[in-house]
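**Student:** how would this look folded up:
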Amino acid sequence: METLSTGRVADTLARLFAEAELADRPLMERFAEVEIDDAFFAQQIALEQNDLRGVYHGYAENFLNVAPEYGRFLYQCARAGRATRIVEFGTSMGVSAIYLAAALRDMGGGQLVGSEIEPAKAERARANLASAGLAEFVDIRVGDARETLLDVGGPIDMVLLDGAFSLYLPILKLLEPHLTSGAVILAENAFDHGNDYLDYVRDPTHGYLSQPIPVSEGRGNEYSVFVR
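**Tutor:** As a prediction, this is how the structure comes out:
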């Protein structure tokens, strides 16, 4: 069974990608002119550390979503690992959550726990998941993920990190005690510029095997497996 290609899931994703193209085009054009180097990355980290909520409130109307090919990869990873509990940091408008929740439903059920710092985005994500017929598989929590993900209800089979750059490592360490052996951790925007998250997961002594993967070029895709 696979529900990505037809019906409510396909229709909702098609609508959302069209809306995202309109909403994010000016922002993406500005980003395309910026060189993502150590200085840029350090500046973004400093901005987040100074005013995390303010930075992301500034993106309240932007989707900042995964690309379709990455969404399909998320679905594939969840299916291949037979995930039953997935945690997503940075739900935004719910595009990636739809791929992950569809995988859970197509395997017979499970739970996706999402965290989104911007309340308006969380509300739109819930509406989009309902439109796709997937609301019952997703628990979207609003607020700082360091608080909302303190209790995720049980063992975690898969994690998607797609939120504030500066929190990838703190969130991973928060979730780490609950990771099952073989759990997959996927990170978007994990750029290789003074990145403490990458330093951590690429050091095998921490219990991960990790490498960058070329799913969405230029998007900083890192694929890690918890091997303890």
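
**Student:** can you tell me the centre-most residue of this protein?
**Tutor:** Asp162 (3.5 Å; Cα atoms, centre = their mean).

**Student:** is it true that that residue touches Val66?
**Tutor:** Yes. Contact criterion Cβ atoms under 8 Å: Asp162 and Val66 qualify, at 6.9 Å. Yep, even glycine has a C-beta here, placed from its N, CA and C like the rest.

**Student:** list the contacts for the closest residue to Ala183 other than its chain neighbours?
**Tutor:** Among residues not flanking Ala183 along the chain, Phe226 sits closest, at 4.4 Å (Cβ to Cβ, 6 or more residues apart in numbering). Residues near Phe226 by Cβ atoms under 8 Å, 6 or more residues apart in numbering: 176, 179-185, 207-208.

**Student:** same question for Gly54.
**Tutor:** Contacts of Gly54 (Cβ under 8 Å, 6+ apart): none.

**Student:** other SSEs contacting the longest strand seen in the chain?
**Tutor:** Determined from DSSP state E, the single longest strand within the chain is strand 179-187. Here strand 179-187 touches helix 68-80, strand 156-161, strand 222-226, going by 3 or more Cβ pairs under 8 Å, 6 or more residues apart in numbering; DSSP states H and E.

**Student:** in the protein, what residue spans correspond to strands?
**Tutor:** Counting by DSSP E, the strands of the chain are 85-89, 111-116, 138-142, 156-161, 179-187, 208-212, 222-226.

**Student:** which of the helices and strands in the chain ranks last by mean pLDDT?
**Tutor:** helix 38-50 (a mean of 89; mean pLDDT, DSSP states H and E).

**Student:** next, the buried residues of that helix.
**Tutor:** 41, 44-45, 47-48 (16 or more other Cβ atoms under 10 Å).

**Student:** also stretch 23-41?
**Tutor:** Buried residues in stretch 23-41 (16+ other Cβ under 10 Å): 23-24, 41.

**Student:** does anything pack onto the least confident helix or strand of the chain? Which helices or strands?
**Tutor:** Looks like helix 38-50 contacts no helix or strand (3+ Cβ pairs under 8 Å, 6+ apart).

**Student:** and the gap between the residue of the chain most remote from its centre and Asp199?
**Tutor:** Centroid-distance maximum for the chain: Thr205 at 24.9 Å, with Cα atoms, centre = their mean. Using Cβ to Cβ, to the nearest Å, we find Thr205 at a distance of 12 Å from Asp199.

**Student:** swap in Asp139?
**Tutor:** Taking Cβ to Cβ, one finds Asp139 at 31 Å from Asp199.

**Student:** what's the answer for Gly153, then?
**Tutor:** Counting by Cβ to Cβ - Gly153 and Asp199 are separated by 30 Å.

**Student:** wait, Leu100 sits on Thr91?
**Tutor:** No. Using Cβ under 8 Å, Leu100 makes no contact with Thr91, being 10.0 Å away.

**Student:** the more surrounded of those two?
**Tutor:** For Leu100 versus Thr91, neighbours defined as other Cβ atoms under 10 Å are more numerous around Thr91 (30 against 27).

**Student:** for the more buried one, grab phi and psi.
**Tutor:** phi -80, psi -30 (degrees, to the nearest 10).

**Student:** tell me which residues touch it, please.
**Tutor:** 97, 114-116, 121-122, 125, 140.

**Student:** how about Arg8?
**Tutor:** Arg8 touches 131-133, counting by Cβ under 8 Å, 6+ apart.

**Student:** between the longest helix along the chain and helix 68-80, how big is the angle?
**Tutor:** In the chain, with assignment by DSSP state H, the single longest helix is helix 7-32. Relative orientation of helix 7-32 versus helix 68-80 (axes from the mean of the first three to the mean of the last three Cα atoms, to 10 degrees): 130 degrees.
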